[in-house]
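Participant: Sequence and predicted structure, then a few things I'm wondering about:
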Amino acid sequence: MPANYVAVRFTVTPKEPGAEILLAYLSELPFESFEDDEAGLNAYMPESFWDEAQLKQLEIFQRDDFQIAYQFETIPTVNWNEDWEKNFDPISIDDLLHIRAPFHPKSNATFEIVIMPKMSFGTGHHETTHMVSQLLLAEDLTGQTVLDMGSGTAILAILAELRGAAKIDAIDIDRWCYENALENIALNQCKNISVWEGDAALLGDNQYDTIIANINRNILLQDIQTYATVLKSGGKLFLSGFYDDDLEAIKRCCEASHIFYVKHLTRNHWVGAAFQKL
């Protein structure tokens, strides 16, 4: 029987940049998906993980530069899926990539991805997924081995296959993301993607031409050294999930592992950055 979820609806005053900063803190808890709201932010996690005391301990609630209030309720999984069908709009990225749900009509875009988002993060609507998609659209991945860390819906892994990658490993620590990724890979008839449930400990002695990691600042800083050990010389690393204020710390961490900054994009204070290993 599907598990229930807890929906937490945050009211943030002022909303900008308060809601964005709140999202960064909430990413450290087992929330599986986030949704922008006129008053702030909605966040969702499995009921089995819900711990209000843990939420209240977040440092952000002690800040005085904005005010945060919240309410929460338990919702059955099916309500989430029905909500997506009502509110998930297709998007276009750089007039090259069209991302839609199965209930939307096909497009004539160069690349098209069909996503059944459910509870997983990564529909292309969020700034981080959007920017990494832009960076990948500019790459020729023909014949490459690619790693997608924190793969969520597997949208970036699917895009990597569309860009020519020969072998893609998609890894996410969340069981729901793992199952949703398998569904989306089947929807897009992908042949080159393997999905794994876990974290960077799964990487072992694998070697990759390109690594994508769209997670959050703390996990990136923790795992960049591990990425460096499995990234081939000359390989590219695409990172997102952090804010422009965090870019210098990410650069320093990469440089310590001989991975150097190439360029970055910004979108509503979020960053998508490209690095290369010497």
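Facilitator: In hand now; what should we look at? Note that the structure is predicted; figures quoted are calculated from it, not measured.

Participant: looking at the protein, which residue lies furthest from center?
Facilitator: Here the centre of the chain is the reference, and by C-alpha atoms, centre = their mean the most remote residue is D64, at 29.0 Å.

Participant: Okay, helices next: where are they in the stretch 101-250 of the chain?
Facilitator: 127-137, 155-162, 175-187, 217-230, 247-256 (DSSP state H, counting those that start in this stretch).

Participant: Out of those, flag the one nearest W270.
Facilitator: W270 lies closest to helix 127-137 among the helices of the stretch 101-250 of the chain, at 4.0 Å (C-beta to C-beta). (Each C-beta comes from the backbone N, C-alpha and C, glycine too.)

Participant: how about that closest one: buried residues?
Facilitator: Going by neighbour count (16 or more other C-beta atoms under 10 Å), the buried part of helix 127-137 is E127, T128, T129, H130, M131, V132, S133, Q134, L135, L136, L137.

Participant: which strands and helices sit next to that helix?
Facilitator: strand 91-93, helix 155-162, strand 208-214, strand 231-243, strand 259-267, strand 270-277 (3 or more C-beta pairs under 8 Å, 6 or more residues apart in numbering; DSSP states H and E).

Participant: what's the angle from that helix to strand 259-267?
Facilitator: 120 degrees (axes from the mean of the first three to the mean of the last three C-alpha atoms, to 10 degrees).

Participant: got the angle for helix 127-137 vs strand 270-277?
Facilitator: Using the same axes, to 10 degrees: helix 127-137 against strand 270-277 is 40 degrees.

Participant: Using PDB, write down the CA coordinates of stretch 166-182.
Facilitator: The C-alpha atoms that make up stretch 166-182 are tabulated as PDB, following Å, rounded to 0.1, in the frame of the first residue of the first chain:
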ATOM      1  CA  ALA A 166      27.000   5.300 -24.300                       C
ATOM      2  CA  LYS A 167      26.700   4.400 -20.700                       C
ATOM      3  CA  ILE A 168      25.100   6.300 -17.900                       C
ATOM      4  CA  ASP A 169      24.900   5.500 -14.200                       C
ATOM      5  CA  ALA A 170      22.100   7.300 -12.400                       C
ATOM      6  CA  ILE A 171      22.400   7.200  -8.600                       C
ATOM      7  CA  ASP A 172      20.000   8.600  -5.900                       C
ATOM      8  CA  ILE A 173      19.800   7.800  -2.200                       C
ATOM      9  CA  ASP A 174      16.000   7.900  -2.200                       C
ATOM     10  CA  ARG A 175      13.900   4.700  -3.000                       C
ATOM     11  CA  TRP A 176      11.100   6.700  -4.500                       C
ATOM     12  CA  CYS A 177      13.500   8.500  -6.900                       C
ATOM     13  CA  TYR A 178      15.000   5.100  -7.800                       C
ATOM     14  CA  GLU A 179      11.600   3.700  -8.800                       C
ATOM     15  CA  ASN A 180      10.500   6.900 -10.600                       C
ATOM     16  CA  ALA A 181      13.800   7.000 -12.500                       C
ATOM     17  CA  LEU A 182      13.100   3.500 -13.800                       C
END
